[in-house]
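Q: Quick one, what's the 3D model for this:
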Amino acid sequence: MDTNTPHVIQTRTKHLSWYLNTRPIIQAPTGNVGGDRATWTWVVPPSADLENELAVEEERIQRYGGNDPAEPPPKDFDLGDSQQQRGLRLPHLYTRKKLPGMAPKTQPTPQNWSNGRKWVITAMIVAMTVCATFASSAPGVATRFIDADLGTSREVGDLITSMFLLGYVFGPLFWGPGSELLGRRPIFIFTMSIYTILHIGLALAKNIQTILILRFLGGFFGVAPPVNAGGLIADIWNAEKRGTAVSLFTLGVFVGPVTGPLVSGYMLESGTGWRWVFWVMMIFSGIMAVLTIFLVPETYAPVILYKKVQALRKADPVENEHLFAAYEKQDWSIGGVINRTLFRPFHMLFVELILFLITIYISVIYGVLYALFQAFPIIFAKRHFTIGQDGLVFLSVGIGCALGTAVDMYLSRNTPTLIKTWRGFPPPEERLKGAMVGCTSFIIGIFWLGWSGQYGGVPWYVPALSGVVLGFSVCIIFISFLSYLVETYLMYSASAFAANTIMRSLFAAAFPLFTVQFFTKLGVNWASTILGAVGILLLPSPFLFYKYGARIRANSKYAPCLDLKVAKAIAAEAEGQTLKIGTLADDPSHEEKVSV
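A: Okay, here's the model as predicted:
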């Protein structure tokens, strides 16, 4: 069966069938058709016009890396007479003047690099992410030793984790725009170097105030790799191949936190002391900083081209006087940067239903992950586990994360085919399958943990195995929902990510402050039941988005909905309903085929 037929489109992606059946694709231009709007004839544009529009939108995505400075145009789905408007809205990506000696396949774009080189860069960003997230949880195990050594209370000691995660809240406001202004490479080298130096201060700290301040700064600088990883992956991988890289990056986000308690637990058990936890983190981050210098080149295409243009102007100032890169024309004023990094993310958070609900869901899930670092010692203390054995239990969460990544990759195995069928922009709702599985298994895992962990007579491996389910759920939910956000908001996805990162980091910073009291006062069973009830409350989200997501996006200001345009065009082409724009007035005798 032809996969381009309207029947297949509607049955394989039922969330778009309402649009295919009810929405006309284009309105005849006002200049060609008179009379009241209700009397205008609805026609289908030629595929060439749609291809031009998709090419322009892809250009915007590549140019701005999901952080388009322009506000979205009104969403009227008018594809027919927009060619001239597109030229005004979006100048050429680089320059009107062709760069000498540069054929299309040799343009300075990292997507033309060899796969081997791109995988080395991908491995580096995953390793840097593990390094940053490892530090978020590793010192948590050492809290009671730090409290005893420096004479602080348990409540103050809990701030050691929270202050680091609070740095995660503010860091994205600087390192996201910074990577677009200066490039990815300088930001990575600078932040990883400072991050390394801060751990020296932590290892030598004499009071809790120093530790808390340096932990905040550690989170502030350390968050740069996770924040810019998505942009770097988009820089070097095309849409068909970046799914695997994104899955591996997401796995790295969780491998760090779950291995932190394991490593630090056995270090403390061996008698090395809590300061060596920070020395190990310093060594890890120092190695990553050095490797970054040698293995991570600049990947942000606008900055690469800007440097190329600078070199050409310097080589021949007269001939290349009018040569410029689009990067030089971007708005880097304080007002423009504040709008993109502060105003727009929070504006989107409160006006975009999809972003709001997904952010709430991911924030709760992320908070639960960090709550586990406090809950596991409570649960397994009843089973007389040592501090090292407590850390070993976290491997179950890591195993679950690996399984979640593998399952998501399996569920996404048809993504390359979908991308080709949908001309580069498949329905974002196809990314929600993993979330639908993960949201259900999360509820099972949290109840399993609570009611098996409450009673000391239950064998240790029963609550430990719940960590596999929870790790699986958290990881696959993250991959699925974050992929959905990227494909929903496209050229505005950076703002959506910024809002999501800030909110989930706030939740993660807050959870450790009350987790011990929460699980101690209520008991592991009832505390977990409350978290499970929240999961049940949010459970319908991915299912509702899968069914009604297209409707919601069609009324969204920031979601381009290119898949809706492609869907209508494919259906029309399959039925032979194509009409050249302008013939309505220019050729009255033309036999028009109009859509119903």
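Q: for this structure, what spans make up the strands?
A: 26-27, 42-43 (DSSP state E).
Q: buried set for stretch 385-401?
A: Neighbour-count burial for stretch 385-401 flags 385, 387-401 (criterion: 16 or more other C-beta atoms under 10 Å). C-beta: built from backbone N, CA, C; applies to glycine.
Q: Tell me which of these fall in helices.
A: Counting by DSSP state H, the part of the buried residues of stretch 385-401 found in helices is 387-393, 395-401.
Q: would a markdown table of these with pLDDT be doable?
A: Listed next are these as a markdown table, based on pLDDT from 0 to 100:
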| residue | pLDDT |
| --- | --- |
| Ile387 | 85 |
| Gly388 | 85 |
| Gln389 | 86 |
| Asp390 | 85 |
| Gly391 | 84 |
| Leu392 | 88 |
| Val393 | 90 |
| Leu395 | 90 |
| Ser396 | 93 |
| Val397 | 92 |
| Gly398 | 92 |
| Ile399 | 94 |
| Gly400 | 95 |
| Cys401 | 94 |
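Q: which of those residues lies closest to Ile338?
A: Cys401 (35.9 Å; C-beta to C-beta).
Q: Distance check, the closest one against Val474.
A: 7 Å (C-beta to C-beta, to the nearest Å).
Q: list the residues that contact both of these two?
A: Phe254 (C-beta atoms under 8 Å, 6 or more residues apart in numbering).
Q: Can you pull out the low-pLDDT segments for this structure?
A: 1-53, 55-70, 73-108, 327, 331-332, 574-596 (pLDDT under 70).
Q: What number of residues are in the vicinity of the closest residue to Gly445 other than its chain neighbours?
A: Using C-beta to C-beta, 6 or more residues apart in numbering and skipping the chain neighbours, the partner closest in space to Gly445 is Val469 (3.4 Å). The local packing of Val469 (other C-beta atoms under 10 Å) involves 24 other residues.
Q: Could you do Ile283 as well?
A: 12.
Q: Please apply the same query to Lys308.
A: That count, for Lys308 with other C-beta under 10 Å as the rule, works out to 17.
Q: if I look at it, how far off is Pro186?
A: Per C-beta to C-beta, Lys308 is found 17 Å from Pro186.
Q: For Ile146, which non-adjacent residue is spatially closest?
A: Nearest to Ile146 is Trp274, by C-beta to C-beta, 6+ apart, at 5.3 Å.
Q: wouldn't the one you found be in contact with Ala148 here?
A: No - assessed by C-beta atoms under 8 Å, Trp274 is found out of contact with Ala148, at 9.3 Å.
Q: neighbour count winner among those two?
A: More neighbours surround Trp274 than the other of Trp274 and Ala148, with 22 against 11 (other C-beta under 10 Å).
Q: residue ranges of the helices in the stretch 51-200 of the chain, please?
A: All helices of the stretch 51-200 of the chain, identified by DSSP state H, counting those that start in this stretch, fall at 83-89, 115-141, 143-150, 154-170, 172-182, 184-204.
Q: Tabulate those helices (JSON lines), appending distance to Val253.
A: Below are the helices of the stretch 51-200 of the chain laid out as JSON lines (distance: least, C-beta to C-beta, whole Å):
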{"stretch": "helix 83-89", "distance to Val253": "36"}
{"stretch": "helix 115-141", "distance to Val253": "6"}
{"stretch": "helix 143-150", "distance to Val253": "22"}
{"stretch": "helix 154-170", "distance to Val253": "11"}
{"stretch": "helix 172-182", "distance to Val253": "14"}
{"stretch": "helix 184-204", "distance to Val253": "17"}
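Q: Centre of the chain to stretch 393-400, how far?
A: Relative to its parent chain, stretch 393-400 has a centroid offset of 23 Å by C-alpha atoms, centre = their mean, to the nearest Å.
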